[in-house]
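Novice: Here is the input, now give the coordinates:
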Amino acid sequence: MTLFMLFIATTAFSADPSNNISLAQAQEGIQAALKKSQSINTKMNIAVVDSGANLIAFTREDNA
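Specialist: The predicted structure is shown next:
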């Protein structure tokens, strides 16, 4: 079993809601992680959270 974690973060973390990641940005992050998973030939469960650790987007590849 291979465990691979890819962290995509903003440069500043804040409780200010205006500094949170948008759904469009989260989807871009998921696409980047999917591309990476293909390049390293592994399956991933991908979660994107905002600065308050609230789930924004999640995807699970088949057989991951």
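Novice: Could you pull up the residues touching the residue nearest the centre of the chain?
Specialist: By CA atoms, centre = their mean, the mean C-alpha position of the chain lies nearest to Val48, the distance being 3.5 Å. Listed by CB atoms under 8 Å, 6 or more residues apart in numbering, the contact set of Val48 reads Ile8, Ile21, Ala26, Gly29, Ile30, Leu55, Ile56, Ala57, Phe58. In this view, the C-beta of every residue, glycine as well, is placed from N, C-alpha and C.
Novice: Please flag which of these sit within strands.
Specialist: Using DSSP state E, Leu55, Ile56, Ala57, Phe58 are the members of the contacts of Val48 that sit in strands.
Novice: and the second one, what pLDDT?
Specialist: The one in question is Ile56. In this prediction, Ile56 carries a pLDDT score of 94.
Novice: what stretches of this protein score poorly on pLDDT?
Specialist: Within the chain, the ranges that satisfy pLDDT under 70 run 1-19.
Novice: ok, now with 90
Specialist: 1-21, 50-53, 64 (pLDDT under 90).
Novice: Do a quick rundown of the strands in the protein.
Specialist: 45-49, 55-60.
Novice: Could you say which of those strands is packed most deeply?
Specialist: Highest mean neighbour count among the strands of the chain (mean count of other CB atoms under 10 Å): strand 45-49, with a mean of 16.
Novice: That strand pairs with which strands, and in what direction?
Specialist: Looking at strand 45-49 with DSSP bridges, its partner strands are strand 55-60 (antiparallel).
Novice: In PDB, list the C-alpha atoms belonging to the strand it pairs with.
Specialist: Taking Å, rounded to 0.1, in the frame of the first residue of the first chain, the C-alpha atoms of strand 55-60 are listed here in PDB:
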ATOM      1  CA  LEU A  55     -14.200  20.400   3.800                       C
ATOM      2  CA  ILE A  56     -14.600  22.200   0.400                       C
ATOM      3  CA  ALA A  57     -14.200  19.300  -2.000                       C
ATOM      4  CA  PHE A  58     -13.500  15.600  -1.900                       C
ATOM      5  CA  THR A  59     -13.000  12.900  -4.500                       C
ATOM      6  CA  ARG A  60     -12.100   9.200  -4.300                       C
END
